[in-house]
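[1] Fold the stuff below for me.
(4 chains)
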Protein chains: 2
Amino acid sequence: MALTQRPGADHCGIAAAMSVIDGKWKVSVLWELEQCPRRFGELRRLVPGVSEKVLAAQLRELETDGIVHREVYEEVPPRVEYSLTPLGHELNGALEALGAWGTKHLLTDAAQPVPM
Amino acid sequence: MALTQRPGADHCGIAAAMSVIDGKWKVSVLWELEQCPRRFGELRRLVPGVSEKVLAAQLRELETDGIVHREVYEEVPPRVEYSLTPLGHELNGALEALGAWGTKHLLTDAAQPVPM
DNA sequence: CAGTATCCAGTTGGATACTG
DNA sequence: CAGTATCCAACTGGATACTG
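    Numbering: from 1, shown residues only, chains lettered A, B, ... in the order given. Down below sits the predicted model:
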């Protein structure tokens, strides 16, 4: 992933955080899981464009980093549910400031309506 | 850059913000410029490992996105100073939450000392 | 000094077929 | 259903030489 190995990382935790959310679809996955737990196939549909290989890979990374929990139900047909860990929810919270900044300055959301 | 073109972007400004800070050295550059304006050569030294080509490219992108200001002084030898715009400072502010999360959970900073 | 121009290499991500 | 295994294409970033 492109954001891995950021040498300037020492001074703060930003680089560390970036490496965790680095991956083309991770923030989308985080966003979907914020609402409720999802199965693999659901995520695949909710995150349009992602391939099975990459979705699986990024889910594993998020799991390894302690952001998502993977619950396997031993049934037929197989069922696996992904959900955010408390750490994952905290991460989403930290991401909110960034999202607010992006929405405010980048998405130029139709200009705030004049309060009358 | 790897974070560009995030289809799940619609729901919030996170993806938009990510695309702005996407690039292996951008957060390091932002960090250095937060302190004070810097010249090209200074940044090259302050951000160890970055090549001239990539530093120039990422500075141009940050400039295009309105994050950094590029001031050219017509002298000999040439001098160019990069500084953060107000928008850039705001971005750094938004990044702080992420940095705090990363520092707290990822850098495992020697464990918070027991308050006695 | 502050870049630009080339060429090259590593890595991420895409498409598809196959498996438990 | 929930992946894994392959092969492949695109892109970012690295090293270096050259220029205004």
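[2] average model confidence for the lengthiest helix in chain A?
    Assignment by DSSP state H gives helix A:86-105 as the longest helix of chain A. Mean pLDDT, helix A:86-105: 96.
[3] and what of stretch A:52-64?
    pLDDT averaged over stretch A:52-64 gives 98.
[4] So is it next to DNA strand D?
    Yes. Against DNA strand D, stretch A:52-64 shows contacts by C-beta under 7 Å from any atom of the strand at A:E52, A:K53, A:A56, A:A57, A:L59, A:R60. C-beta coordinates here come from the backbone N, C-alpha and C atoms, glycine included.
[5] all strands for chain A, in order.
    A:38-39, A:68-73, A:79-84 (DSSP state E).
[6] Mind putting the ones you listed into TSV with distance to DNA strand D and mean neighbour count?
    Shown next, in TSV, are the strands of chain A (distance: least, C-beta to the nearest atom of the strand, whole Å; neighbours: other C-beta atoms under 10 Å in any protein chain shown):
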stretch	distance to DNA strand D	mean neighbour count
strand A:38-39	3	18
strand A:68-73	7	14
strand A:79-84	4	17
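[7] quick one: which of the ones you listed is nearest DNA strand C?
    strand A:79-84 (9.4 Å; C-beta to the nearest atom of the strand).
[8] what angle separates that closest one from helix A:86-105?
    Relative orientation of strand A:79-84 versus helix A:86-105 (axes from the mean of the first three to the mean of the last three C-alpha atoms, to 10 degrees): 60 degrees.
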